[in-house]
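In: Provided below are the primary sequence and the corresponding predicted coordinates.
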Amino acid sequence: MARRPRLSADPTAAAARHPALFRRVTRARIATVLVIAAMLGLFALGIVVLEFDGRRFVQGLFRLGEFVVFMVPPSTGNWATFMIYLHALAETVAIALLGTLLAAVPAIAVGFLAAENVVPQFVIHFLSRRFLDTVRGVDELIWALIWVNVVGLGPFAGVLAVASANFGAFGKLFSEAIEAADPRPVEGVASAGGGRLAAIRFGLWPQVAPVIASQVLYYFESNTRSATIIGIVGAGGIGLHLAEQIRTLEFQHVSALVLMILATVAVIDWLSTLLRFSIIGRRETVG
Amino acid sequence: MAPSITRLSDTQLDAMMRAYDGAIAAKRRQTILGFAILAVAVAIAAQVGEVDLGKFGANLHRFGDYVGRLAHLDSGAIVLSDVGEWFWGLRRWLWLLGETLLIAYMGTLMGALGGFMLCFFAARNLMGSAVVRFATKRFLEVCRTVPEMVFALIFVIAFGLGPVPGVLALAVHSTGALGKLFCEVVENIDMRPVDGVKANGGSWVEVVRFAALPQVLSNFASYALLRFEVNVRGAAVMGFVGAGGIGQDLIEAIRKFYYSDVSALLVLIVGTVMVIDLATERLRHALLGLERA
C-alpha cells in the first residue's frame, strides 16, 4: 500500500517543499498589479478630464434623493393623461413589432447572400458582411434622427429606425445560423436531383427557420425596451412623454411612466419566452 | 441478383398516406393560423404606428437624396475629393471621441464594480438569506430595465450638463446588466472549494475571496469587456440629451443640416465602434485562453 505523505502543520516545511507556490513576487502578480494600476490611472485621468467635482457630485446626489421622494406616489394626474400615455405605450410596442419584422424580412435574403455555404463567392460574401457591419455600427437613436429628417416626426420614423438598426444585426446572426447548418440534408436533396433552390428550401430552410424565429422574438423583446427612448428625438412612442415629464420635473408622472414601461416589458418578455420555447420545443420533437 | 423491394398492399399504403396527409395538413393549419395572428397584429400595429405606405413611397427618394447630400461638401464637391475639408473639425472630434471612450470606460468600470459587489448577495449558492437575495435581484432588475437614456435625462437635471451624468447613467445601467450576468456565473461555480474554505473555518468574505473569486474572475472580465463594447455605442449618443461625448456635435450637425459633418462624424463613430469590437474580441479570446492554460 502506497503511503500518503503526511500533512504537516508546519507551514515552513510546506514552503520548503513547494517553493514555487509560496514565492511572494511572481510574474503573474506583477502583471496583475500593473494592470490594476493602469486601470486606476485611466480612471483618475477620467475624473480630471471629465471634470468630476466632489461638491457638485454630492449636491447632485441630494437633488437625486429629492427627485426620488417626489416620485412617490406614482400618478398621472387624471385618467385622460393616463389614456394618452397608454396610447403612447401601444405606439411603442407597435414600433418594436413593425420595426423588427421590417428588418427581418430583407435580412433573411441578405443573410443567405452573406452565408459562405450558400454563396461561395468571396467578394459577395465579404461585401455583404462589411455592409451589415456598417449598418450595425450606427446606433438606433442616430437612425431615428436621420429618418425623422426623411419622413418627418412621428412613429413611422421610429419604425424605420428600429428596422435599420436591426437589419444589420439580423443579417449577421442569420448568416451565421445558415453557416452553422448541417450540410447533409442539403446534399441529400441535391443527390435526389433537387436544384439549388430546392436544396435551400428543403435542406437548409427547415433547419434555420426555428433559429431565425427565436432570434426575431428575442429582438422584439429587446426592441420594446429600446423603442421606449426613441421618442426622445421625436420618433414616436412613450419616450417623448418621458423626456417631457423629466424636463418639466413632473416626477410623479415620470415614476408612473417608468412603472408602465416596466410592466409592458415584463409582459412582452413573458410572451416571447413562451413563444420561443414552444418553437424550439417543436424543433426538438421533429429533429 | 436483383434486390427485391416488398411493396405494401394498397390498403396499408392508403392508411399510411392518409396519416401522412393528415399530419402535413395539421402542421400547415398551425402555420397558417400563426401567420394569420401575425397579420392581424401587424395590421393593428400599422394603424397605431401611423404607417402610411403611400407617403413612404412618395418620400422614399428623399432618403436617397439625404444619403447623396451626406456624400457632398457644402461646395457641391464629393467628400472624398477633399478629405481635409470633410474632416475640418478632426481635432475637436478626436478629442470628443476620446471623451466618449473615457465615458464608456468609467461607466463600465463603475458598473462592473457595482455588479461585482452585488452579485454575491444575489447568488443562490452563497447567500443564505432569501430576503437579501430578493431585494438585490429586484434592484438589479430595475437598473437594467430602465434604459440608460432615461437615467441620463434625470441625471442631467440633478448633476448638470456634461459628461458626469453620462458616466453615471452608464454605470447604473451596467450595474444592473453585469450584476445579473455575474450572479449567473457565481451560481454555476464548483462548490467544492467553497466547502473546503468553510470546513477550514473561513468567514463569508473569505469564502467569496478564496473559493468563488478565483473561479469567476476571467468570466467577469470577459463580460465586462463585452459591456464596454455596448457602452461605447451608448456613450456615442449620450450627447443627444446633453450628457457629454461626441453625440452633442452629431445631433447639432443633424438638426442644422450640416450634411458633410454628419457623414464625417458617422464615419468616425462607426470606425471606432468597429475597432473596439475587434480589440475586445481579441482580448476576450486571450482571457479565455488564459483560463484554459
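Out: Alright, I've got the coordinates. All values derive from a computational prediction rather than experimental measurement.
In: for the chain, give me the ranges with low pLDDT.
Out: Since you didn't name a chain, this refers to chain A. By pLDDT under 70, the weakly predicted segments of chain A are A:1-9, A:280-287.
In: should've been chain B
Out: For chain B, applying pLDDT under 70 flags the ranges B:1-4, B:290-293.
In: hmm, the longest helix along chain B in reach of chain A?
Out: Longest helix in chain B, counting residues (DSSP state H): helix B:10-48. Yes. Residues of helix B:10-48 contacting chain A under CB under 8 Å from any CB of the partner chain: B:41-42, B:44-46, B:48. (Glycine included, C-beta is placed from N, CA and C.)
In: now list the buried members of those residues.
Out: B:42, B:45-46, B:48 (16 or more other CB atoms under 10 Å in any protein chain shown).
In: and those residues, which two are furthest apart?
Out: Largest separation among these by CB to CB: B:Val42 and B:Val48, giving 10.8 Å.
In: over to the closest residue to B:Val186 other than its chain neighbours: give its phi and psi.
Out: Spatial nearest neighbour of B:Val186, excluding adjacent residues (CB to CB, 6 or more residues apart in numbering or on different chains): B:Ala123 at 4.1 Å. Dihedral pair for B:Ala123: phi -80, psi 130, per degrees, to the nearest 10.
In: now swap in B:Ile78 and tell me
Out: Backbone torsions for B:Ile78, taken as degrees, to the nearest 10, come to phi -70, psi 150.
In: what helix or strand does the residue nearest the centre of chain B sit in?
Out: Nearest residue to the geometric centre of chain B (CA atoms, centre = their mean): B:Val230, 5.2 Å. Following DSSP states H and E, one finds B:Val230 within helix B:213-238.
In: how about that helix: buried residues?
Out: Here helix B:213-238 shows B:213, B:215-216, B:218-238 as buried, counting by 16+ other CB under 10 Å.
In: from these, which are also near chain A?
Out: Filtering those for proximity to chain A by CB under 8 Å from any CB leaves B:233-234, B:236-237.
In: tell me the one of the buried ones among the residues of helix B:10-48 next to chain A nearest A:Asn78?
Out: Nearest to A:Asn78 out of these is B:Val48 (CB to CB; 22.5 Å).
In: apart from its chain neighbours, what residue comes closest to the closest one?
Out: Nearest to B:Val48 is A:Ala94, by CB to CB, 6+ apart, at 4.1 Å.
In: which residues does the one you found contact?
Out: A:155, A:159, B:44-46, B:48-49 (CB atoms under 8 Å, 6 or more residues apart in numbering or on different chains).
In: at 10 Å instead, please
Out: Neighbour list for A:Ala94: A:155, A:158-159, A:227, A:236-237, B:41-42, B:44-51 [criterion: CB atoms under 10 Å, 6 or more residues apart in numbering or on different chains].
In: what strand or helix carries A:Glu91?
Out: Applying DSSP H and E, one finds A:Glu91 within helix A:79-114.
In: what about B:Glu281, how many residues nearby?
Out: Other residues near B:Glu281 number 13, with proximity taken as other CB atoms under 10 Å in any protein chain shown.
In: now do the buried residues in whichever helix or strand it is part of.
Out: Per DSSP H and E, B:Glu281 falls inside helix B:259-292. For helix B:259-292, the neighbour count (16+ other CB under 10 Å) marks B:259-270, B:272-273, B:276-277, B:280, B:284, B:287 as buried.
In: filter the residues you listed down to the ones near chain A?
Out: Within the set of the buried residues of helix B:259-292, contact with chain A (CB under 10 Å from any CB of the partner chain) is found for B:262, B:265-267, B:269-270, B:272-273, B:277.
In: let me know the closest of these to A:Ala199.
Out: Distances from A:Ala199 to these, taken as CB to CB, are shortest for B:Asp277 (33.4 Å).
In: what's B:Thr6 sitting at in phi/psi?
Out: Dihedral angles (degrees, to the nearest 10) for B:Thr6: phi -80, psi 130.
In: count of neighbours near it?
Out: B:Thr6 is flanked by 5 other residues according to other CB under 10 Å.
In: just A:Ala157 next, same as before
Out: By other CB under 10 Å, 26 other residues sit near A:Ala157.
In: pretty sure it sits against A:Glu140.
Out: No. Using CB atoms under 10 Å, A:Ala157 is not in contact with A:Glu140; the gap is 11.4 Å.
In: shared neighbours, the two?
Out: With CB under 10 Å, 6+ apart, A:Ala157 and A:Glu140 have common neighbours A:230, A:233, A:235.
In: same for the helix or strand containing B:Leu113, what does it pack against?
Out: Here B:Leu113, judged by DSSP H and E, is contained in helix B:90-122. Contacts defined by 3 or more CB pairs under 10 Å, 6 or more residues apart in numbering or on different chains; DSSP states H and E place helix B:90-122 against helix A:27-49, helix B:130-145, helix B:163-187, helix B:213-238, helix B:247-255, helix B:259-292.
In: Throw these into JSON lines and include distance to A:Ser222, thanks.
Out: Listed next are those as JSON lines, based on distance: least, CB to CB, whole Å:
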{"stretch": "helix A:27-49", "distance to A:Ser222": "29"}
{"stretch": "helix B:130-145", "distance to A:Ser222": "11"}
{"stretch": "helix B:163-187", "distance to A:Ser222": "12"}
{"stretch": "helix B:213-238", "distance to A:Ser222": "12"}
{"stretch": "helix B:247-255", "distance to A:Ser222": "21"}
{"stretch": "helix B:259-292", "distance to A:Ser222": "18"}
